[in-house]
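Undergrad: just need the structure, nothing else, for what follows:
(2 chains)
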Amino acid sequence: MTQTVERPPVRVLRPRKNWIPPNPAELWEFRHLLVRFAARDVTLRYRQTALGAIWVILQPLLGAGILSFVFGSVAGLPGPAGIPYFVFSLAGMVAWTCFSSVATRSSGVMVANASLVQKIFFPRLLLPFSTVMSTLVDVAVSIGLLAVVMAIQGVPPGAAVVTFPIWLLLFVMLGLGLGMSSGALMVRYRDVGYVLPLLVQLLLFLSPVAYQLSAVPQSKLWLYELNPLAGLLEGFRWAVLGTTAPSTGLVVYSTIASVALFVIGLVIFNRMERGFADVI
Amino acid sequence: MSSDVALAVNDLAKAYTIRHNVTDHITLAELALDRIRHPFHRAEREQFWALDGVDFELREGEVLGLIGRNGAGKSTLLKVLARITDPTRGEVRLWGRVGSLLEVGTGFHAELTGRENIYLNGSILGMGRKEIASKFDAIVDFAGVESFLDTPVKRYSSGMYVRLAFAVAAHLDTEILLLDEVLAVGDGDFQAKCLGKVAELARSGRAVMLVSHNMVTVRQFASRAILLERGALVREGPVGDVIGYYTDVSTGVLEEADVSSTPRYDPNLGRRARITMVRLQHDQGVVGADADLEYVVTVQSNEDVSAVRLSQTIYTVAGIPVGNSIGNADLELRSGHEVDLHASLPGHGLAPGRYYLALGLGFGDTSSGMIDLDVVLDTVHFEVLPAVSADGRLTTWNDSWGHVRFPPVQVTQGASVYSG
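TA: Predicted structure coming up:
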C-alpha cells in the first residue's frame, strides 16, 4: 500500500475529561445563530400580545410607580434631594430589570430549548448568551424612557453618566452568572426553576432598588452590603442621576463579586454541558 | 484510493449509565429524602454500551447506508457524529462540516413563519445570513411552500414540515450530511425527489450517511453499507452483501422490544400517549404458518384519550411493507396510566420468512384518516415457519411468489366435456 500524505482532520471528537474553557473561535463561527436566537426571542415575546412592544415601556413605568407608592408614599422613605421619587425608583427599576431578566431568562433557556439540545449541535453557551441580547433590546428602550422622564422632570444626568454601560455590563454578568449556574442545575433538578424566581423576588426587596442604601440601619449594613447588587445599584444611580457615590470599597467588592459569579457560572455551565443531551 | 476520507471513526464507544432500584430523582427534595431514608443504599449502576468499538470510514462522494434493528445503536452513532453527545471512548475525525437531519422539523419553532424558520434553521445548521439569502429561493422552490411562507409553521401539515426541513438541510453546503429515517413521512413523490437530491449531493462530492429501514431505498442509493448489532459493527462492505447478510443470516428474532426511548420521526409523536414495550407471545419469536400472530403492547398515557385504535403494519426484514391492519376496538387511555393491549391477528397469512412490526396509535375516523398519537417504525422481529402439509412435510415457498400466503383459492370443477 502506498503511503499518502494524510491531510489533517478539520475536527476530532474525543471524550472530554476535564473542564475545557469555552472556545471563542467556535462561538464566533456560530455568531449568526446567536443573533437568530435573540431575534426569535424578541419576535415571540410580543407576538400575539394586544399591546405588543408597548409592554417594554409599560412594565418599568408600572413597576416604578408601584415601588414609589409603597416606599415613597406609604413607608415615607426619603429620596435623594432634588430628585422626584418616581425618577429615582425608575432608574433603580431599569437597572434591576436588566439583572433580573438576564437571570431568569438565561436560567430557563436550556430546558425551554430541550428539543434543540437533544437533536442539534451548537455551542450550548449561545443559549444563555442570546437571552442577554434580547434583554438588552428591552433595556435600551427603558433607558430611552428614563432619559425622557428625566428631561420632563428636569433632572440633569450625573457627571459620570458615560460610565453607565460599565454598570450595565456588571448587572449582566451578575445576572448571567446566576442564570447559567441555575440553568445548568435545572437540567437535572427542575426545582431550581421554582427557587430562582423566589430568590429574585426576595432580592428585589433586599436591594436598594426603590430606597436608598442610606435607609438601611447602620448595624445591619455589613450584612446588607454582601449583596453585590447594593453597590451596583448605588453606582448606577450615581452615574445616571448624580446621587451620592457609593464607597470605593463597596464598588470594588461588588465588581469583584459580579465577575466572580460570572466565572463560576461559566465553569458550572461548561462542566454540566456535556451531559445535557443525555439528561434533558 | 479513489477519493478522500471525509469521516473516520476509530474504536468508538458510548456508554449510558442505567441506575436500578431508583425512581429517578426529578427534584432535589426527593434526592435528599431518599438519602436520608436509605443512607447506606447505593444505587445499582449498570453501564449500558449503546456503541462498543465501532470502526469505519466514510469517503467523499459516497452514500453509506447505516442499517440495523431497533436498538442496535444507529441513533446513538448519529448523535455522536453530529456532536450532540460525547463519545465515552475512541475518536471521530472529520474532514469537513457536518450537517444533519435527525428528526423532522428540529429547530423549527411553531409560532414563527416559514420564512423566519428557514433563517433560524439555516443558522442552526451553520449557514450565514448571506448564504441563506442566496439559497432562499432554491429552498422554497424545492419544498414547494411558496404560498405559506408567511404562515406560522404550526399551521403546516407534517408533510410540509418534512419538505421544508429537508430542503434546508439539503441546500446546506456541508461536506458531510447525516440523514436519519426522516423520509418516513411525506408522500412517495417527495421521497423520490429527496432521494434524487441525495444522489445529486453525493455526485458533487458530498459524503452522505443514510439511515433507513427500507432496504430497497438503501440498496438503490447507497454504494456501501455498515450493519450495527447491539452496538457493534458486525458487517461492512458493498451494499448488496451487507443487506443480504442482514436479511438472511444475521438478524434473528426480537421477541421483546423496549421502544420507550426509541426516537420517533416527529417530536410530537409519543407525547400524549407512548408505546413503551412490545412483546411477542410466541416462543423464540417463531410463528407457525397457521397460527394467530399475538403480541402485547404496553402503552403509557399522559392524557385522557378516547376511541384510540391500534394500527399495525407488517414489513419484511428488507423493509418492504406487506400490509396494514387497524384494531377492531376503541381503546380508552387514561392520563398517568399504563395499559397492556393484547393484540391478535387471526390467520396472519404470511409467507415463510422474517418480518418486523411497525405499530401506531391513533384516534379519529378510521376511514377518513386518523390522527397519530404515536408511531414506532420498528418493534419486534419474528420468523414465520413454512406451512406443514397434511402428510407432515414442510411446504416450499418460492420467493417470487411474494409475501402473502392467501387462503386456499376456492376452485370448483365443472362438468368434464370431451375435447380431444
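
Undergrad: got the end-to-end distance for stretch B:321-337?
TA: 32 Å (Cα to Cα, to the nearest Å).

Undergrad: same question for that stretch, mean pLDDT?
TA: Mean per-residue pLDDT for stretch B:321-337: 92.

Undergrad: that one: which residues count as buried?
TA: For stretch B:321-337, the neighbour count (16 or more other Cβ atoms under 10 Å in any protein chain shown) marks B:322, B:327, B:331, B:333 as buried. No exception for glycine: its C-beta is placed from N, CA and C like everyone else's.

Undergrad: let's have those residues in CSV, adding secondary structure and distance to B:T262.
TA: Below are the buried residues of stretch B:321-337 laid out as CSV (DSSP: H, G, I helix; E, B strand; the rest coil; distance: Cβ to Cβ, whole Å):
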residue, secondary structure, distance to B:T262
B:V322, strand, 21
B:G327, coil, 21
B:L331, strand, 21
B:L333, strand, 19
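
Undergrad: from the residues you listed, pick the one nearest chain A.
TA: Nearest to chain A out of those is B:L333 (Cβ to the nearest Cβ; 23.6 Å).

Undergrad: excluding chain neighbours, what is closest to that closest one?
TA: Among residues not flanking B:L333 along the chain, B:S301 sits closest, at 3.9 Å (Cβ to Cβ, 6 or more residues apart in numbering or on different chains).

Undergrad: and that neighbour, what does it touch?
TA: The neighbours of B:S301, taking Cβ atoms under 8 Å, 6 or more residues apart in numbering or on different chains as the test, are B:272-274, B:333-339.

Undergrad: partners of the helix or strand hosting B:N10 in the sheet?
TA: If you go by DSSP states H and E, B:N10 is part of strand B:5-20. Take DSSP bridges as the rule and strand B:5-20 pairs in its sheet with strand B:44-59 (antiparallel), strand B:89-94 (antiparallel).

Undergrad: quick one: average pLDDT of the first one?
TA: Pointing back at strand B:44-59 there. pLDDT averaged over strand B:44-59 gives 86.

Undergrad: list the buried ones in the next helix-or-strand element following it?
TA: Moving toward the C-terminus from strand B:44-59, the next helix or strand (DSSP H and E) is strand B:63-68. Residues B:63-68 are the ones in strand B:63-68 that count as buried (16+ other Cβ under 10 Å).

Undergrad: check contacts around residue 225.
TA: The chain I'm using is chain A. By Cβ under 8 Å, 6+ apart, the contact set of A:E225 is A:213, A:231, A:250, A:253.

Undergrad: let me rephrase: I mean chain B.
TA: B:A225 touches B:64-67, B:218, B:235-239, B:242-243, counting by Cβ under 8 Å, 6+ apart.

Undergrad: right, and the helix or strand after the one helix or strand it maps to?
TA: With elements taken from DSSP H and E, the one containing B:A225 is strand B:224-229. Moving toward the C-terminus from strand B:224-229, the next helix or strand (DSSP H and E) is strand B:232-238.

Undergrad: what residues of that following strand count as buried?
TA: B:232-236.

Undergrad: what's the angle from it to strand B:63-68?
TA: 140 degrees (axes from the mean of the first three to the mean of the last three Cα atoms, to 10 degrees).

Undergrad: list of residues touching stretch A:24-41?
TA: A:105, A:122-123, A:125-127, A:129-131, A:133-134, A:137, B:109, B:112, B:116, B:119-120, B:123-124, B:126-129.
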